[in-house]
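**Q** I would like to see how this sequence folds:
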Amino acid sequence: MQPQTFDGYAQTYDEHFTHSLIGIAQRTQVYNQLLKSISFNQKSVLEINCGTGEDASWLVKQGANVLATDISEGMIDVARNKPTNNSINFKALAAQDISSLAPNTYNIIFSNFGGLNCLNLNEIQKFRNDCTQLQYKSDQLAFVIMSTKCWWERVYFSLKNEKPKSIRRQNNDGVETNINDIHFKTYYYSPSNLKELFKENYNCINVKPIGLFIPPSYLEPYIEKRNRLFGVLKLLDKLCARFSVFSNYADHYLIVFEKK
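**A** Below you'll find the predicted structure:
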């Protein structure tokens, strides 16, 4: 992925996702689950793929000291210019390049909403090794990852008679993605994939579904016209959020690791 991939999307990202019904609902789930596993107060946090800084702002409110990074200069510019973010450190930096940061510095490394799905298997392995250099024993990782068996996606594309799309997340070679006429690949990982990749250096301490009933963001036009249905879906998500077994069937899942 090139740095300019998301530059053209930066100005409209908040409108299309951050402030959308689905974006708000899924982000609320992430925050609720994070607070059950992690204390951010007076912790040093490295955020990967921070986008327009919405999560960095929340992390600071939890008492964290945050370095928020993103490959896109455009995203970083938008994040820096938000009045709520003037106390946050932002840096244009790809997830593949975090080894350039000072070692043994970050109590928590966090990435939300599929930022790490832009990394192929070799890049994920390098990223894991880089994380170990940036942390001490008992420090934590918290990632929100796009799953491999999202049931919403399977049903939606099957009903549209688009069978290949209904199972695209299970393609180990990645899925061609197009943003602003720039093509790149997205890679999908199950919780068991991530546990296996990180097990040498980290213990998995929590996995929870994010968006089990709340659908993927591309269904926003459908959801915004059906407030009552959306209310029911949010309630169902709340009721099922504690069941780890559903994690790989949700749109995303939160996985938390602790360094050995």
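**Q** how about the strands in this protein?
**A** With strands called from DSSP state E, the chain shows them at 44-48, 65-70, 89-92, 108-111, 140-146, 175-179, 182-186, 202-210, 252-259.
**Q** can you give me the helices for the chain?
**A** Taking DSSP state H, the helices of the chain run over residues 10-13, 21-37, 54-61, 73-80, 121-134, 151-159, 163-166, 191-198, 220-223, 227-240.
**Q** among those, which is nearest Val45?
**A** Nearest of the helices of the chain to Val45, taken as Cβ to Cβ: helix 54-61 at 5.5 Å. (Each C-beta comes from the backbone N, C-alpha and C, glycine too.)
**Q** Just the C-alphas of that closest one, formatted as PDB.
**A** What follows is helix 54-61 as a C-alpha-only set of coordinates in PDB (Å, rounded to 0.1, in the frame of the first residue of the first chain):
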ATOM      1  CA  GLU A  54     -11.100   9.800  16.600                       C
ATOM      2  CA  ASP A  55      -9.600   7.000  18.700                       C
ATOM      3  CA  ALA A  56      -6.600   9.000  19.700                       C
ATOM      4  CA  SER A  57      -8.900  11.600  21.200                       C
ATOM      5  CA  TRP A  58     -10.700   9.000  23.200                       C
ATOM      6  CA  LEU A  59      -7.500   7.400  24.500                       C
ATOM      7  CA  VAL A  60      -6.300  10.800  25.800                       C
ATOM      8  CA  LYS A  61      -9.600  11.200  27.600                       C
END
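**Q** Low-confidence stretches in the protein?
**A** Where the chain drops to pLDDT under 70, the residues are 1-4, 180.
**Q** ok, now with 80
**A** 1-5, 179-182 (pLDDT under 80).
**Q** who's sitting farthest from the centroid in it?
**A** Ranked by distance from the centre of the chain (Cα atoms, centre = their mean), the top residue is Asn161, with 28.7 Å.
**Q** How much space separates it from Tyr218?
**A** Per Cβ to Cβ, to the nearest Å, Asn161 is found 17 Å from Tyr218.
**Q** Repeat that for Trp152.
**A** 10 Å.
**Q** ok, the two, which is more surrounded?
**A** Trp152 (19 against 11; other Cβ atoms under 10 Å).
**Q** Give me the spatial nearest neighbour of that one, chain neighbours excluded.
**A** Pro215 (4.6 Å; Cβ to Cβ, 6 or more residues apart in numbering).
**Q** do the same with Leu236
**A** In space, and not counting its chain neighbours, Leu236 is closest to Phe213: 4.1 Å by Cβ to Cβ, 6+ apart.
**Q** what residues are up against the one you found?
**A** Leu233, Lys234, Leu236, Asp237, Cys240 (Cβ atoms under 8 Å, 6 or more residues apart in numbering).
**Q** Count the neighbours of the first one for me.
**A** This means Leu233. 20.
**Q** and the gap between it and Lys185?
**A** 30 Å.
**Q** same deal with Leu219?
**A** 23 Å.
**Q** One more: His252?
**A** 18 Å.
**Q** Mind checking which of the two has more residues around it?
**A** His252 (26 against 15).
**Q** doesn't Gly114 make contact with that one?
**A** Yes. Taking contacts as Cβ atoms under 8 Å, His252 lies within contact range of Gly114: 6.6 Å.
**Q** who touches both of those two?
**A** Val144, Ile145, Met146.
**Q** ok, the first one to Ile255 distance?
**A** Going back to what we said before, that points to Val144. Distance, Val144 to Ile255, using Cβ to Cβ: 8 Å.
**Q** Over to Lys36?
**A** Following Cβ to Cβ, the distance that separates Lys36 from Ile255 is 13 Å.
**Q** anything in contact with each of the two?
**A** With Cβ under 8 Å, 6+ apart as the test, Lys36 and Ile255 both reach Asn206.
**Q** The two: who's more crowded?
**A** Ranked by neighbour count (other Cβ under 10 Å), Lys36 and Ile255 place Ile255 first, with 24 against 12.
**Q** How about the contacts made by the closest residue to that one other than its chain neighbours?
**A** For Ile255, ignoring the flanking residues on the chain, the nearest one in space by Cβ to Cβ, 6+ apart is Val207 at 4.9 Å. Under the criterion of Cβ under 8 Å, 6+ apart, the neighbours of Val207 are Pro191, Ser244, Ser247, Tyr253, Leu254, Ile255, Val256.
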